[in-house]
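Undergrad: give me coordinates for this.
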Amino acid sequence: MTTIAYKDGVIAYDSRQTRSGSIVSDDAVKHQVVDSVSFFLSGAVCDEKALIAAYFGTPSPVPVECSGYVVDGGRLQMVGHDDKTGVWRQDLDPTNPDAIGSGYAYALAAMDMGASAEEAVRAAMKRDIYTGGKVRTVRIARDQ
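TA: Residues are numbered from 1 along each chain as shown. Model prediction:
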């Protein structure tokens, strides 16, 4: 999995990729830009393309084990797979910190205690074995 955190206009995420409890890489890319839409994804790497396709209107015929954040035109959303519609979307309040992935509880607790999004991912790295590597950040522009 991974840990992706959002606070104060910044999305932070780790770079660890795992498979069956083993570390595959500590330099995985978890931020993709497709047609000017930014995707920050957590879950099965093999399902990322299917979730992105579903976001743009091509639903997957099989379940997709992937979810994450999307920034589209400054709008921050959480996205995941929905068996009926292809994609599930929820707008997020840009003034409210949020986190997703295997270390989300650690990251949320850290942000509740005043940590930035980057510091929150670092806190998750201390306890969640599926979060590690480098911490990368992206400042998002909000058009809302």
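
Undergrad: quick one, phi psi at the nearest residue to residue 57 once chain neighbours are set aside?
TA: Distance criterion Cβ to Cβ, 6 or more residues apart in numbering; nearest residue to residue 57, sequence neighbours excluded, is residue 86 at 7.6 Å. All C-beta atoms are positioned from the backbone trio N, CA, C, and that covers glycine. Backbone geometry at residue 86, expressed as degrees, to the nearest 10, gives phi 100, psi -40.

Undergrad: would you mind giving the secondary structure of residue 131?
TA: Here residue 131 is recorded as coil under DSSP: H, G, I helix; E, B strand; the rest coil.

Undergrad: might you report the residue contacts of it?
TA: If you count contacts by Cβ atoms under 8 Å, 6 or more residues apart in numbering, residue 131 has them with 1, 2, 3, 14, 16, 101, 102, 103, 121, 124, 125.

Undergrad: then residue 50?
TA: 60, 62, 64, 66, 81.

Undergrad: derive a ChimeraX selection command for the buried subset of those.
TA: Of those, the buried ones go into a single ChimeraX selection, burial set by 16 or more other Cβ atoms under 10 Å:
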select :60,64,66,81
